[in-house]
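Undergrad: the following comprises the amino acid sequence and a computationally predicted model.
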2 protein chains.
Amino acid sequence: MAEQNGPSTQQIVEKVWLSIAERRLRPGVQLKEEQMAAIFNVSRARIRQALTVLERDGLVTIIPNRGAFVSKPSVEEARDVFFVRRTVERCVVERLSRSVSKADLKRLRDHVAKERIANAQDITTDIIKLSGGFHLLLAETVGSDFLFTTMRDLISRSSLITAVYRNTNRFNCGPDEHAEIVEAITNNDVDKATRLMAHHLEHVESELDLSEIRDLSHDLRSALA
Amino acid sequence: MAEQNGPSTQQIVEKVWLSIAERRLRPGVQLKEEQMAAIFNVSRARIRQALTVLERDGLVTIIPNRGAFVSKPSVEEARDVFFVRRTVERCVVERLSRSVSKADLKRLRDHVAKERIANAQDITTDIIKLSGGFHLLLAETVGSDFLFTTMRDLISRSSLITAVYRNTNRFNCGPDEHAEIVEAITNNDVDKATRLMAHHLEHVESELDLSEIRDLSHDLRSALA
DNA sequence: TCATTTCACATTGTTGACAATTCCGCAATC
DNA sequence: GATTGCGGAATTGTCAACAATGTGAAATGA
């Protein structure tokens, strides 16, 4: 009977992820099932499933019999995520620089172009999605399913970390640095590509203020709308 | 009201994981919710949750409206997992060899001792759990939550891969090689530790037969009992 | 006034039933 | 004989009601 099917689990996950990345949902906020079910117009069961996935992604922390809360990554966790990223992404660009198809290069260039457009038009939502998406696309291009999954986890957590600790107004991952990396990959310049990636990640990390978390309660409905 | 509470979600996940690692559950086998609910004596909802986690771990593949099946890792996926493991675990032992507490060293040695016992007594279940657990313990000791999670994913997939492609009768990860690695870490010998780990992983991978998957249907109840 | 107990409310966890979808066998047709 | 269309059975997806748990505020006593 119709039930005006609401968004799928994956869509809910993405929506919450975006809300966190855009800082509309602050760490510590409780994600109440019933409330979310009302907002997304779905049953609690589906919300529950989405929360399970989000916990697995490290974006929310579920405390049994208490509920799900937006995670508060500690400073050490933040440093660790970037440490792992340096290791993993170095490996990614290394493999790509050695062998990459023309079609893949085109996809990468097209993606950077999209990033440029989003930046020029200053569409925050697209900027966030695409800047993380670039790193994800790199991992995907390698062709390793595991690498891709790992990268997705890293990107999710990075978004959360950036949302919490960012001290500048600009969002991370400018398209220019991405473009340089693509260029180095195109030229099969392994050394330059890895150096650029390392520098890029350092740059992103350097824009974080690793002092304290500012707590701020928030209205769930307006954040997820 | 009592309901003789069945196993928790995590326990179910572990049980399935073990069944897969022990080759009692073969790739391609469908994990029917109702059947599993009956076997574990819990509701379908909990089974469903466990399956979601298992999918995230890469052990099962969920096809919408079809069901959950034990994953069939391809040869490329197998190679990729070991490639990533070489990268990640190298990073792990590198960090550990630089700085490790006495208490941590004791835990590592105790773990190897347990492995020795399990091997001596030839208890397959323990051997499998502990040999994967060693690598997991290494990652945990580093103190990075993300590294630990990543390692757990890798171990899960490795178990599946080993279960599918292993061509020898012995299980991977002999305790002797583990002991050597611990010793190198104890001596803060970064170079030796990384070399030993690389060699160890090569050894494990070399025992795999990367030709073809042999299909074989199976009885679900006896496999999970 | 402060600590402690009690109790009601809010939230999560679980269950069983129902709806929707897919698969498999069978028959009819070309 | 191969193919296609058509139920019926099996399985997954969804929901709403109920039970269990934790929280916080009010009441009580020192």
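TA: Thanks, I have the structure now.
Undergrad: switch to C-alpha atoms for all contacts and neighbour counts from now on
TA: Noted.
Undergrad: phi, psi of the closest residue to residue A:7 other than its chain neighbours?
TA: Nearest-residue entry for residue A:7: residue A:40, 7.0 Å, with adjacent residues in sequence omitted and distances by CA to CA, 6 or more residues apart in numbering or on different chains. Note on residue A:40: backbone dihedrals following degrees, to the nearest 10 are phi -90, psi -10.
Undergrad: for DNA strand C, what are the nearby residues on chain A?
TA: Contact residues (CA under 7 Å from any atom of the strand) of chain A with DNA strand C: A:1-2, A:30-34, A:45, A:63-68.
Undergrad: near chain B, from those residues?
TA: With CA under 8 Å from any CA of the partner chain as the criterion, the residues of chain A next to DNA strand C include none near chain B.
Undergrad: inside strands: which ones of those residues?
TA: A:30, A:31, A:63, A:67, A:68 (DSSP state E).
Undergrad: my guess is residue A:41 meets residue A:12, correct?
TA: No - the pair residue A:41 and residue A:12 does not pass the contact test of CA atoms under 8 Å, sitting 10.7 Å apart.
Undergrad: which of these two has more neighbours?
TA: Neighbour comparison, residue A:41 and residue A:12: the larger count goes to residue A:12, with 22 against 15 (by other CA atoms under 10 Å in any protein chain shown).
Undergrad: in contact with the more buried one, which residues?
TA: By CA atoms under 8 Å, 6 or more residues apart in numbering or on different chains, the contact list for residue A:12 reads A:40, A:47, A:50.
Undergrad: any figure for the gap between it and residue A:48?
TA: 11 Å (CA to CA, to the nearest Å).
Undergrad: do the same with residue A:196
TA: As judged by CA to CA, residue A:196 and residue A:48 stand 41 Å apart.
Undergrad: longest helix anywhere in chain A?
TA: Under DSSP state H, the helix in chain A containing the largest number of residues is helix A:75-98.
Undergrad: quick check: next helix or strand after that one?
TA: Once helix A:75-98 ends, the next helix or strand along the chain (criterion: DSSP states H and E) is helix A:102-121.
Undergrad: let me see the backbone angles for the spatially closest residue to residue A:9 that is not a sequence neighbour.
TA: The spatially closest residue to residue A:9, leaving aside those adjacent along the chain, is residue A:50, at 5.4 Å (CA to CA, 6+ apart). Note on residue A:50: its backbone torsions stand at phi -60, psi -40 [degrees, to the nearest 10].
Undergrad: try the one 10 residues further on
TA: Main-chain dihedrals, residue A:60, degrees, to the nearest 10: phi -130, psi 160.
Undergrad: so how many other residues sit close to it?
TA: Tallying neighbours of residue A:60 according to other CA under 10 Å, which is how burial is gauged here, yields 28.
Undergrad: so what's the residue of chain A found nearest DNA strand D up against?
TA: When distances are taken as CA to the nearest atom of the strand, chain A approaches DNA strand D most closely through residue A:43, which lies 3.9 Å from it. With contacts defined as CA under 8 Å, 6+ apart, residue A:43 is in contact with residue A:37.
Undergrad: for it, report the pLDDT, please.
TA: Listed pLDDT for residue A:43 reads 88.
Undergrad: tell me which parts of chain A are close to DNA strand D?
TA: Selection of chain A residues close to DNA strand D by CA under 7 Å from any atom of the strand yields A:3, A:5, A:6, A:8, A:42, A:43, A:44, A:45, A:46, A:65, A:66.
Undergrad: which ones among those are found in helices?
TA: Checked against DSSP H, the residues of chain A next to DNA strand D include these in helices: A:44, A:45, A:46.
Undergrad: the bottom helix or strand of chain A by mean pLDDT?
TA: Of all helical and strand segments in chain A, the minimum by mean pLDDT, DSSP states H and E falls on helix A:220-224, at a mean of 53.
Undergrad: list just the nearest of the contacts of residue A:12 to chain B.
TA: Proximity of these to chain B was ranked by CA to the nearest CA; the top entry is residue A:50 with 10.2 Å.
Undergrad: surely the closest one is in contact with residue A:15?
TA: No - taking contacts as CA under 8 Å, residue A:50 lies outside contact range of residue A:15: 10.4 Å.
Undergrad: quick one: common contacting residues for the two?
TA: Common neighbours of residue A:50 and residue A:15, using CA under 8 Å, 6+ apart, do not exist here.
Undergrad: okay, those two: which has more neighbours?
TA: With neighbours defined as other CA under 10 Å, residue A:50 and residue A:15 compare such that residue A:50 has more, 20 against 16.
Undergrad: chain center to stretch A:197-204: distance?
TA: Between the mean C-alpha location of stretch A:197-204 and the chain-wide mean there is a distance of 16 Å, by CA atoms, centre = their mean, to the nearest Å.
Undergrad: please read the previous query as pertaining to stretch A:146-156.
TA: That offset, for stretch A:146-156, works out to 9 Å (CA atoms, centre = their mean).
Undergrad: show me where pLDDT drops low in chain A?
TA: Within chain A, the segments meeting pLDDT under 70 span A:1-5, A:168-173, A:211-225.
Undergrad: quick one, domains of it?
TA: Domains of chain A are assigned by automatic domain parsing as A:9-71, A:75-206.
Undergrad: dump those domains to TSV, plus distance to residue B:208.
TA: As requested, these are arranged in TSV below (distance: least, CA to CA, whole Å):
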stretch	distance to residue B:208
domain A:9-71	30
domain A:75-206	19
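Undergrad: measure the nearest residue to residue A:75 once chain neighbours are set aside to residue A:161 for me?
TA: Sequence neighbours aside, residue A:210 is the residue nearest to residue A:75 in space, at 6.1 Å (criterion: CA to CA, 6+ apart). Plainly put, residue A:210 is 10 Å away from residue A:161 if you go by CA to CA.
Undergrad: who has more neighbours, the two?
TA: Residue environment comparison for residue A:210 versus residue A:161 gives the larger neighbour count to residue A:161, 28 against 18, counting by other CA under 10 Å.
Undergrad: OK, contacts around that one?
TA: A:73, A:78.
Undergrad: secondary structure element for it?
TA: Following DSSP H and E, one finds residue A:161 within helix A:145-165.
Undergrad: just the CA coordinates for that helix, please, in CSV.
TA: Written as CSV, here are the backbone C-alpha positions of helix A:145-165 (Å, rounded to 0.1, in the frame of the first residue of the first chain):
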residue,chain,number,x,y,z
ASP,A,145,37.9,-3.2,-3.3
PHE,A,146,39.5,-3.2,0.1
LEU,A,147,41.5,-0.1,-0.5
PHE,A,148,38.4,1.6,-1.6
THR,A,149,36.5,0.6,1.5
THR,A,150,39.3,1.6,3.8
MET,A,151,39.5,4.9,2.0
ARG,A,152,35.9,5.5,2.5
ASP,A,153,36.2,4.9,6.2
LEU,A,154,39.1,7.3,6.3
ILE,A,155,37.3,10.0,4.4
SER,A,156,34.2,9.7,6.7
ARG,A,157,36.3,10.1,9.8
SER,A,158,38.3,12.9,8.2
SER,A,159,35.2,14.7,7.5
LEU,A,160,34.1,14.5,11.1
ILE,A,161,37.6,15.5,12.3
THR,A,162,37.7,18.4,9.9
ALA,A,163,34.2,19.5,11.0
VAL,A,164,35.3,19.5,14.6
TYR,A,165,38.8,20.8,14.5
